[in-house]
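J.: give me a 3D structure for the following:
(chains A and B)
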Amino acid sequence: MKHFTEEEMIAHYYSEGFSKAEAERHLQACPQCAQAYADLSKLLGSMPASDLPLRDSEYGAQVWQSIQRSLQPYEPKQKRRFYWPRFAYAAACLLFLAGAFRAGRMWEHAHSKPLVAGAEQQTKQRVVLFVLDSHLDRSERLLVQLNHAGGEADDVDFRLQAEAQQLLSDNQLYRQSAAQANDPLLDAALDHLERVLVEVANSGSELTSRDIASIQKEMNTPGLLFQIRVLRARVSEPRTNAHAIPKGANT
Amino acid sequence: MGNDDYMLIRSVLAGEKDAYGLLVARHSQSVFRVAFRITENEADADEVVQEAFLRGYRKLQDFDARSNFGTWIYRIAMNCALDVLNKQKSQTVVPIAQDYDSELPTVQLADRAAGPDRLLLSQEIETRRHAAMGKLTPTERVAFVMRHMEDHSTEEIAGALGIAPNSAKQAVFRAVQKLRQSLAPLWVRS
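T.: Residues are numbered from 1 along each chain as shown, chains lettered A, B, ... in the order given. All right, here's what the predicted structure looks like:
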């Protein structure tokens, strides 16, 4: 019989993850898991929120009094007055220009479709791979710094957090793209990376060596670094090939 | 309620500043609740409430009409509370002991209910619970508070923290694991 992991028990406590009925059946059948789950429930059940101090019905008014002086009123939006004849003339000109531009594009497209489509595709792919490679390169450098920083005795100031915050927003975009492109390896690595970046970015203004050691241990940053290096090798390979294709196509 | 809120927001954006006072009155209790849960300090929570409504006012033009103002200001309050935690963490000079050991001369968090009954077990539990919460990272702490005390789903936590659902789930797991390490011995003993 396969026992519950701690994560599964926590997920079950919060009614997440997997079938509640199935979990209940297992807990009834497995005394070991039932005991562990009872301990967990007892612990979490003993963690009510600390007593909430009361705030009376005037609290909102007090908050408003304390902040209202520092608020500037918004300026109402001016209603726009249109001068119809002039507007109609400008719109007609714009329409004509747009039509002419579109006709030109369609003509050009019809005469050079296969070549342009292929070239555009390759260019787009090269740009995507270049940007991703650059992101992975920055992430790799951050992880190397992180892995080397854990052993230091004093507080560490590598501006890691600023870099992590920048990488975090980019990483969220790449991860979503990887998920949409159905690339599970890249998706998993970027997800792992995101969790590390979140911890580093949110660790306060001074990241101590103790914080770093904890992140390294809990989030297996050396393993993540290896994953990133493998991905970089994978990403830079098609980039090299992508460079090679146009040369062949021209000859 | 949501529709009323939107009408008030439109009034504020049209220049009627006082309409925001009604939004503050309506939502200040729930914002205070989450601020206190995260900071566990009344003064800090009051500060968070004020800062959240100030930020909310300044960002009101960006408010999406399809959203719920209560949820929106709640998220802003959470971020303000996170900032307070980060600020406190950076100002901490003496680290809190990693593991409780009555024989080690460690620094405990301030006891807000000091008195002769401090030795009672319930107070000891509260002190250790407070210390254990203090050992969580800001992300873990917010994720745990939202999950355990405010009963939000993983998706809501992820949305509020701006992270992936899986990261939010992991943050809750890590928080529970750390709390377990800190508090389990107490239960065995008691």
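J.: so where's the chain uncertain?
T.: You didn't pick a chain, so chain A it is. Low-confidence segments of chain A, defined by pLDDT under 70, span residues A:1, A:17-18, A:48-50, A:77-87, A:111-121, A:124-125, A:150-158, A:204-207, A:237-251.
J.: other chain: chain B
T.: Scanning chain B for pLDDT under 70 picks out B:1-3, B:90-122, B:185-190.
J.: where exactly do the helices run in it?
T.: B:2-13, B:19-39, B:42-58, B:69-91, B:121-134, B:138-144, B:154-161, B:165-189 (DSSP state H).
J.: and for chain A?
T.: Counting by DSSP H, the helices of chain A are A:6-13, A:20-29, A:31-45, A:59-67, A:84-111, A:113-149, A:160-180, A:184-201, A:209-219, A:221-250.
J.: does chain B sit close to the second one?
T.: Pointing back at helix A:20-29 there. No: figure legend: helix A:20-29 not in contact with chain B (Cβ under 8 Å from any Cβ of the partner chain); closest approach 15.1 Å. Glycine gets a C-beta too; all of them are placed from N, C-alpha and C.
J.: same question, the longest one
T.: No: Helix A:113-149 lies apart from chain B when judged by Cβ under 8 Å from any Cβ; the minimum separation is 14.9 Å.
J.: mind giving me the domain ranges of chain B?
T.: Listed by automatic domain parsing, the domain ranges of chain B are B:1-91, B:97-190.
J.: residue A:68 and residue B:22 touch, don't they?
T.: No: with contact defined as Cβ atoms under 8 Å, residue A:68 does not reach residue B:22; the gap is 11.9 Å.
J.: which residue is the nearest non-sequential neighbour of the residue nearest the centre of chain B?
T.: Nearest to the geometric centre of chain B sits residue B:38, at 2.1 Å (Cα atoms, centre = their mean). Nearest non-adjacent residue to residue B:38, counting by Cβ to Cβ, 6 or more residues apart in numbering or on different chains: residue B:81, 4.0 Å away.
J.: quick check, that neighbour in contact with residue B:34.
T.: Yes: between residue B:81 and residue B:34 there is a contact at 7.1 Å, judged by Cβ under 8 Å.
J.: got the phi/psi numbers for residue A:182?
T.: phi 60, psi 50 (degrees, to the nearest 10).
J.: likewise residue B:16?
T.: Per degrees, to the nearest 10, the backbone of residue B:16 is at phi -90, psi 90.
J.: for it, which non-adjacent residue is closest in space?
T.: residue A:73 (7.5 Å).
J.: what do you get for residue B:37?
T.: residue B:145 (4.7 Å).
J.: from chain B, how far out is residue A:59?
T.: From residue A:59 across to chain B, the span is 6 Å (Cβ to the nearest Cβ, to the nearest Å).
J.: distance of residue B:77 relative to chain A?
T.: 12 Å.
J.: ok, and the closest non-adjacent residue to that residue?
T.: Using Cβ to Cβ, 6+ apart, the nearest residue to residue B:77 is residue B:52, at 3.8 Å.
J.: ok, the one you found touching residue B:82?
T.: No: contact criterion Cβ under 8 Å: residue B:52 and residue B:82 do not qualify, at 11.3 Å.
J.: more neighbours, these two?
T.: residue B:52 (28 against 21; other Cβ atoms under 10 Å in any protein chain shown).
J.: residues touching that one, list them.
T.: B:31, B:35, B:73, B:76, B:77, B:80 (Cβ atoms under 8 Å, 6 or more residues apart in numbering or on different chains).
J.: now do residue A:104
T.: Contacts for residue A:104 (Cβ under 8 Å, 6+ apart) come out as none.
J.: neighbours around the residue of chain B found nearest chain A, how many?
T.: Chain B approaches chain A most closely through residue B:25 (3.2 Å), counting by Cβ to the nearest Cβ. Residue B:25: 17 surrounding residues under other Cβ under 10 Å.
J.: kindly report the same for residue A:53.
T.: Neighbour tally, residue A:53, other Cβ under 10 Å: 12.
J.: state the distance from residue B:32 to residue B:82.
T.: 16 Å (Cβ to Cβ, to the nearest Å).
J.: kindly report the same for residue B:47.
T.: 13 Å.
J.: same check on residue B:30?
T.: 17 Å.
J.: kindly report the same for residue B:59.
T.: From residue B:59 to residue B:82 the distance is 16 Å (Cβ to Cβ).
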